[in-house]
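Engineer: test case, fold it:
(chains A and B)
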Amino acid sequence: ETGVTQSPTHLIKTRGQQVTLRCSSQSGHNTVSWYQQALGQGPQFIFQYYREEENGRGNFPPRFSGLQFPNYSSELNVNALELDDSALYLCASSFGNQPQHFGDGTRLSIL
Amino acid sequence: SQQGEEDPQALSIQEGENATMNCSYKTSINNLQWYRQNSGRGLVHLILIRSNEREKHSGRLRVTLDTSKKSSSLLITASRAADTASYFCATAAYNTDKLIFGTGTRLQVFP
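Structural biologist: As a prediction, this is how the structure comes out:
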């Protein structure tokens, strides 16, 4: 079975730009969660999508938005990038109350 | 914000020794999970313990949970160099699978 894949692996942007990160969920999983992990910190929950609807959101501003597609893949969009948005962005997929499976993340650097 | 903290923040041991790391959390939980993260990679799920369980084993891993003290510990027995990684605890509240991570313990196992 194919695991969670994220693209791109690395990305460099400048302040004020917009970025889209992509995630393909593991086969059979219908729920996708996104996390932001700053250097040296634990991941922080951004939001979760279930059957194409947002299903919970963490303490992140509206410029962080997302989508889930009918095949359960997902996108994370961040507008008006700030220096503090530099982080590893992790996507995790799951089914029901089973543990979440994580991708290797996208490393986003803001200059 | 993080749910709680792991301690120690960093731990260095020799191969064959046991490694113990602790996690404290703040709110009532449905379950607590431990994840491993190799440098620059995604998180790998290790073990899940439910709020009505006190101890759980999986291979060389032993997890305990004390809900009265809002704390958990992860013991890795007979450690190997390949166990070198960061370890995170994550909690999930009732009726949600949104994970709240701790700050992590960086484990270094020397050959």
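
Engineer: in chain A, what helix or strand scores lowest on average pLDDT?
Structural biologist: When the helices and strands of chain A are scored by mean pLDDT, DSSP states H and E, strand A:53-57 comes last with a mean of 92.

Engineer: give me the helices and strands touching that strand, please.
Structural biologist: strand A:44-50 (3 or more C-beta pairs under 8 Å, 6 or more residues apart in numbering or on different chains; DSSP states H and E). The way it works is simple: take the backbone N, C-alpha and C, and place the C-beta from them, glycine included.

Engineer: partners of the strand it packs on, with directions?
Structural biologist: strand A:31-37 (antiparallel), strand A:53-57 (antiparallel) (DSSP bridges).

Engineer: could you give the bridge partners of the residue nearest the centre of chain A?
Structural biologist: Nearest to the geometric centre of chain A sits A:W34, at 3.5 Å (C-alpha atoms, centre = their mean). The partner list for A:W34 in beta bridges (DSSP bridges) reads A:F47, A:C91.

Engineer: ok, back up a step: okay if I get the strands paired with strand A:44-50 as a markdown table plus distance to B:D83?
Structural biologist: As requested, the strands paired with strand A:44-50 are arranged in a markdown table below (distance: least, C-beta to C-beta, whole Å):
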| stretch | distance to B:D83 |
| --- | --- |
| strand A:31-37 | 21 |
| strand A:53-57 | 33 |
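
Engineer: most packed of these?
Structural biologist: Stretch with highest mean neighbour count among the strands paired with strand A:44-50: strand A:31-37 (a mean of 25; mean count of other C-beta atoms under 10 Å in any protein chain shown).

Engineer: now do the contacts for the residue nearest to A:P8 when sequence neighbours are not counted.
Structural biologist: Once flanking residues are discounted, A:P8 sits nearest to A:T106: 6.0 Å by C-beta to C-beta, 6 or more residues apart in numbering or on different chains. By C-beta atoms under 8 Å, 6 or more residues apart in numbering or on different chains, the residues touching A:T106 are A:Q6, A:S7, A:P8, A:T9, A:H10, A:L11, A:L21, A:L88, A:Y89.

Engineer: let me know how buried B:L61 is, in neighbour terms.
Structural biologist: Residue neighbour count, defined by other C-beta atoms under 10 Å in any protein chain shown, stands at 15 for B:L61.
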